[in-house]
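>>> the following block contains a protein sequence and its predicted model.
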Amino acid sequence: MKIASILAAAALLPPSAAHAPTAPMVMAALGDSISSGFNACGWYVTCPSRSWSTGDSADVNSHYMRLRKLVPEIDGHNVNLAVPGATSADLAGQARAAVAQGARYVTVLIGAQDACTATEKEMTPVDVFGRRVAEALAVLRPTGARVFVGSIPDLRRLWSLGRTSLLARGFWAIGHVCQSMLADPTSTALKDRLRRQRVRARVIAYNDRLEKACLAYGAACRYDGGAVFSFPYTLRHVSGWDYFHPNGEGQRDLAKVTFEAAFPAGAADLGLPGAGAV
């Protein structure tokens, strides 16, 4: 197992550091409230222990928990830099913080707040979003860190699931939740149907820019191929405190689908052929 863990650590280390696999293996989560675990364990509070990325809850089985089984050097070095309400404008700053922490594996999930605005007109322009993401990944590139980029969830699916729920509609209205998509959820007026279509199209365009930025980063970056966007989540995956953020079950399934996208060959992706899935 010691040899296996050294090989796994070397696979995640940047080339310049591969000669020292016993160094602390820091991983970091960048993004917004989803990655911070907001509303996953308490009333309107962050819950990093249940983050799909860096959480240490056995119930969620995050990337950190899965990697820790193969890379003991990562133990205790899970840094969550995600901030509720963060947009693409905040990503470069988070990336700089990850570099300062010596992160060698970084997850990125950003963009929901760029689309979830008070009005449709306030959404971040696609070109601006793309430029900001590219700038953030450029901060990480010189370190050689391995990067995973997740797609933005399908917000129109949330509207479709919650529009018939009195509780969901109530929380969306009282909390002014993602009004670009969720305003007037029962309306069948053409203007509202078209608005929802445009917001969904904006999310798809953001995801395209995320993929392109990841490709530009190089072989050390992996995009999820739309796995998060296409995940068939239900209301049981979202918090009953706002009907928007993932609850514990949502974080668990998010961890599973993203880890499979980040490491599709399981342990083999960590330089451990034949060692079995993580």
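On my side now, so go ahead. Residues are numbered from 1 along each chain as shown.

>>> okay, now residue 164: neighbour count?
A count of neighbours around residue 164, defined by other Cβ atoms under 10 Å, yields 11. For every residue, glycine as well, the C-beta is placed using N, CA and C.

>>> go on, the one 10 residues further on?
Taking other Cβ under 10 Å as the criterion, the count of residues near residue 174 is 9.

>>> where's residue 75 relative to residue 56, distance?
The gap separating residue 75 from residue 56 is 10 Å, by Cβ to Cβ, to the nearest Å.

>>> quick one, which of these two is more surrounded?
It is residue 56, of residue 75 and residue 56, that has more neighbours when counted by other Cβ under 10 Å, with 16 against 13.

>>> where does residue 228 sit: helix, strand or coil?
Secondary structure assignment for residue 228 (DSSP: H, G, I helix; E, B strand; the rest coil): helix.

>>> again with residue 161
Using three-state DSSP as the criterion, the local structure at residue 161 reads helix.

>>> quick one, what contacts the residue nearest to it when sequence neighbours are not counted?
In space, residue 161 comes closest to residue 235 once its chain neighbours are excluded; the distance is 5.2 Å by Cβ to Cβ, 6 or more residues apart in numbering. Residues in contact with residue 235, defined by Cβ atoms under 8 Å, 6 or more residues apart in numbering, are 161-162, 165, 168, 243.

>>> try residue 219
Taking Cβ under 8 Å, 6+ apart as the criterion, residue 219 is in contact with no other residue.

>>> what about it, distance to residue 110?
In this structure, residue 219 and residue 110 are separated by 22 Å, where distance is defined by Cβ to Cβ.

>>> give me the longest helix you can find in this protein.
helix 190-217 (DSSP state H).
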